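Student: Quick one, fold the following:
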Amino acid sequence: MSTAKKFAGQTAVYGLTTVAGRTLNFFLTSLYTRAYPPRVYGIFGNMFSWASMLNALLSFGMETTYFRYLNKRADDKQQVYNNSFAAIFIITLLFLFTTLPFVSAITNWIRVDSQTSVADYDNYTRFFIAILVIDAWCVIPFAKLRADGRPGRYGLLKLVNIFTFIGLNLIFILVLPYVVNHQLPGAVWIQSWFRPGWLGYVFLSNVVASLLTFVMLLPELLKLKPNFDAPMFKDMLRYSWPVLIANFSFIINENLDKILIGKLLPENISSTQLGIYNACAKIAIFLNLFVQAFRLGAEPFFFSQAKKENAANTYAQIMNYFVIAVSVIFVGLMANIELLKYFIGKSYWSGLNVVPLLLFGYVSLGIYMNLSIWYKLSDQTKYGLYISGVGALVTVVLNVVFIPAYSYMASAWASLIAYTVMMVLSYLWGQKNYPIPYNVKKNLTYIISSIIIVFLSFSVFHRSLVVGNALLVLFAGAAFMAERKRILAILKR
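Tutor: Here you go, the predicted model:
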């Protein structure tokens, strides 16, 4: 099997799982934005933003470190597995000891809606502490499944998690209220404890789904051995901490804007504005999920190809097709924004102007993830720290300066600019330290063309479905004609 074919197969499996999971979760956004007003949905966005940032801290960059050390220490894979899990386990224990005694203080710091009771917020905080710890314990077992070439089991576990979470949400938001309202059997008992419209049920559903996933990963967890290699562990930490900072900086770019909207806008509007922004940002998730699916397949594949003679050409070829794919998806989503907006409640439509900005930010992010392999393969992860640090600084400065005046539009522009800066820096430094023969002229042609088409579709033709999709067909057709020789050659093989 050719390397390109093998890569495509792995990415397809991870991609289908990721696409299915994120798409199903996207339908929950439709449910949430109809079940909860923007003010309450703003709490949802705020809590998950904090969770995403802390999740990066607890995983400590050990997923990437695990893959790298499997490549460096192929003779001692078991010890790499033991050390990787041990690092996360120790960090999560420290996290529990430093958070559980101070739940009330944490709640006072993170809350954005004064109308929600402190007791409820305290419960939300406890739920998220549980979610963070359980999910962190699952990181390395999931990485092991990917490294062992078991995408089927990986995908199954991810889908079980998603379906459990979705199923419980549907029960709490739709089924139980229906039973109570129609006084069906069990209604009296349900009324004795059920709180209609309580956001906490969403978070409780996540706890149960995470716990079930952890239990299903026990076969992988039982393969851990009580062996600890201190010299290797120190070596792994030296490799990992720049990855941690880089990952943390990336999470800042993704989530700090939502936290700052809650902090920097007046209290009477902050939660509502955050709810609108968070809901509209979910529309951009379709491109982001493609980027994440690509990363899941690409990272172990790129490491496995590192020692081959034509590795650089393989990376460049994958970049070419990746740019074409994200450009077409970018145009396709914006061509159909008038349909996609119905997946969120009408009271959130005022924020649709952020969608093209966020989508192009994800285009830049995807290219950056593709480019970033150079510093991981050359053990120069400090550059990941520098690049993500610059991106985080751009995010913080632009949000702090402009949110008070421009609300969530400032956050959308900050996200786009930060990811674009990271993409450019990674390319420039990468070509100096680990040259890869990317076809820059061709890739820029696709990217710039997609931006022009999106501008025409969204702003000039006012989101017309007919014009937008006509432009999409022309763009996709032109891309196919330009690449037809390579595409046909791959299909023949």
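
Student: name the element V179 belongs to?
Tutor: Following DSSP states H and E, one finds V179 within helix 176-181.

Student: Summarise which helices and strands whatever helix or strand comes next after that helix is packed against.
Tutor: Per DSSP H and E, helix 176-181 leads on to helix 187-191 as the next helix or strand towards the C-terminus. Secondary-structure packing of helix 187-191 (3 or more Cβ pairs under 8 Å, 6 or more residues apart in numbering; DSSP states H and E): helix 176-181. For the C-beta atoms, the positions are set from N, CA and C on the backbone; glycine is no exception.

Student: before we move on, back to that, hey, C-alpha coordinates of the helix holding V179 in CSV?
Tutor: Provided in CSV are the C-alpha atoms of helix 176-181 (Å, rounded to 0.1, in the frame of the first residue of the first chain):
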residue,chain,number,x,y,z
LEU,A,176,-38.4,14.1,31.2
PRO,A,177,-40.2,17.4,30.7
TYR,A,178,-42.5,15.6,28.3
VAL,A,179,-43.3,12.9,30.8
VAL,A,180,-44.0,15.5,33.5
ASN,A,181,-46.1,17.8,31.3
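
Student: ok, residues contacting that helix?
Tutor: Identification of contacts with helix 176-181 by Cβ atoms under 8 Å, 6 or more residues apart in numbering yields 184-187, 190-191, 194, 196.

Student: how about these in JSON lines, adding pLDDT, distance to D148 and neighbour count?
Tutor: Listed next are these as JSON lines, based on pLDDT from 0 to 100; distance: Cβ to Cβ, whole Å; neighbours: other Cβ atoms under 10 Å:
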{"residue": "L184", "pLDDT": "91", "distance to D148": "47", "neighbour count": "11"}
{"residue": "P185", "pLDDT": "91", "distance to D148": "47", "neighbour count": "8"}
{"residue": "G186", "pLDDT": "91", "distance to D148": "45", "neighbour count": "11"}
{"residue": "A187", "pLDDT": "91", "distance to D148": "48", "neighbour count": "16"}
{"residue": "I190", "pLDDT": "93", "distance to D148": "44", "neighbour count": "15"}
{"residue": "Q191", "pLDDT": "93", "distance to D148": "49", "neighbour count": "13"}
{"residue": "F194", "pLDDT": "93", "distance to D148": "43", "neighbour count": "15"}
{"residue": "P196", "pLDDT": "90", "distance to D148": "45", "neighbour count": "13"}
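
Student: Next, format the residues you listed as CSV and append distance to T29.
Tutor: Formatted as CSV, the contacts of helix 176-181 follow (distance: Cβ to Cβ, whole Å):
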residue, distance to T29
L184, 28
P185, 32
G186, 29
A187, 29
I190, 26
Q191, 28
F194, 23
P196, 20
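
Student: now, among those, which is nearest to R34?
Tutor: Proximity of those to R34 (Cβ to Cβ) peaks at P196, which lies at 14.2 Å.

Student: now the closest one, what's its secondary structure?
Tutor: coil (DSSP: H, G, I helix; E, B strand; the rest coil).

Student: How about it, nearest residue that isn't a chain neighbour?
Tutor: P177 (5.4 Å; Cβ to Cβ, 6 or more residues apart in numbering).

Student: and the gap between the one you found and S205?
Tutor: 15 Å (Cβ to Cβ, to the nearest Å).

Student: The two: which has the busier surroundings?
Tutor: S205 (22 against 16; other Cβ atoms under 10 Å).

Student: How about the contacts made by the more buried one?
Tutor: S205 neighbours (Cβ under 8 Å, 6+ apart): 164-165, 168-169, 172.

Student: Looking at the residues you listed, spot the one nearest P226.
Tutor: Among the contacts of S205, T164 lies closest to P226 (Cβ to Cβ), at 31.0 Å.

Student: Do you know the pLDDT at that closest one?
Tutor: pLDDT for T164: 94.

Student: hey, C-alpha coordinates of the helix or strand encompassing it in PDB?
Tutor: Assigned by DSSP H and E, T164 belongs to helix 151-170. Output of helix 151-170 as PDB, limited to C-alpha atoms (Å, rounded to 0.1, in the frame of the first residue of the first chain):
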ATOM      1  CA  PRO A 151      -8.700   3.100  14.700                       C
ATOM      2  CA  GLY A 152     -11.800   0.800  14.900                       C
ATOM      3  CA  ARG A 153     -11.700   0.500  18.700                       C
ATOM      4  CA  TYR A 154     -10.700   4.100  19.000                       C
ATOM      5  CA  GLY A 155     -13.700   5.200  16.900                       C
ATOM      6  CA  LEU A 156     -16.100   2.900  18.800                       C
ATOM      7  CA  LEU A 157     -15.100   4.300  22.200                       C
ATOM      8  CA  LYS A 158     -15.400   7.900  21.000                       C
ATOM      9  CA  LEU A 159     -18.800   7.200  19.500                       C
ATOM     10  CA  VAL A 160     -20.100   5.500  22.700                       C
ATOM     11  CA  ASN A 161     -19.000   8.600  24.600                       C
ATOM     12  CA  ILE A 162     -20.800  10.900  22.200                       C
ATOM     13  CA  PHE A 163     -24.000   8.900  22.100                       C
ATOM     14  CA  THR A 164     -24.100   8.600  25.900                       C
ATOM     15  CA  PHE A 165     -23.700  12.300  26.200                       C
ATOM     16  CA  ILE A 166     -26.300  13.100  23.600                       C
ATOM     17  CA  GLY A 167     -28.700  10.500  24.900                       C
ATOM     18  CA  LEU A 168     -28.600  11.800  28.400                       C
ATOM     19  CA  ASN A 169     -29.100  15.400  27.100                       C
ATOM     20  CA  LEU A 170     -32.100  14.400  25.200                       C
END
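
Student: pretty sure Y81 is touching L221, no?
Tutor: No - the criterion here is Cβ atoms under 8 Å, and Y81 misses it with L221 at 10.4 Å.

Student: So if I had to pick from these two, which one is more boxed in?
Tutor: Ranked by neighbour count (other Cβ under 10 Å), Y81 and L221 place Y81 first, with 23 against 15.

Student: average pLDDT for the helix or strand that contains that one?
Tutor: Assigning secondary structure by DSSP H and E places Y81 in helix 77-99. Helix 77-99 comes out with an average pLDDT of 91.

Student: Who are the packing partners of that helix?
Tutor: Using 3+ Cβ pairs under 8 Å, 6+ apart: helix 77-99 touches helix 38-59, helix 62-72, helix 118-147, helix 230-264.

Student: So for the last one, what gets flagged as buried?
Tutor: The neighbour-count criterion (16 or more other Cβ atoms under 10 Å) identifies 232-233, 235-237, 239-264 as the buried residues of helix 230-264.

Student: Ok, stretch 169-189 next?
Tutor: 169, 172-173, 176-177, 179-180, 187.

Student: same check, this time on stretch 156-169
Tutor: Those would be 157-158, 161-162, 164-166, 168-169, for stretch 156-169 by 16+ other Cβ under 10 Å.

Student: what's the closest non-adjacent residue to S114?
Tutor: Using Cβ to Cβ, 6+ apart, the closest residue to S114 is E267 (6.2 Å).

Student: Can you check the pLDDT for the one you found?
Tutor: With respect to pLDDT, E267 has a value of 81.

Student: I'd like to know which elements the helix or strand encompassing N370 is packed against.
Tutor: Taking DSSP H and E as the definition, N370 sits inside helix 354-371. Applying 3+ Cβ pairs under 8 Å, 6+ apart, one finds that helix 354-371 makes contact with helix 267-283, helix 285-305, helix 311-335, helix 408-433, helix 440-455.
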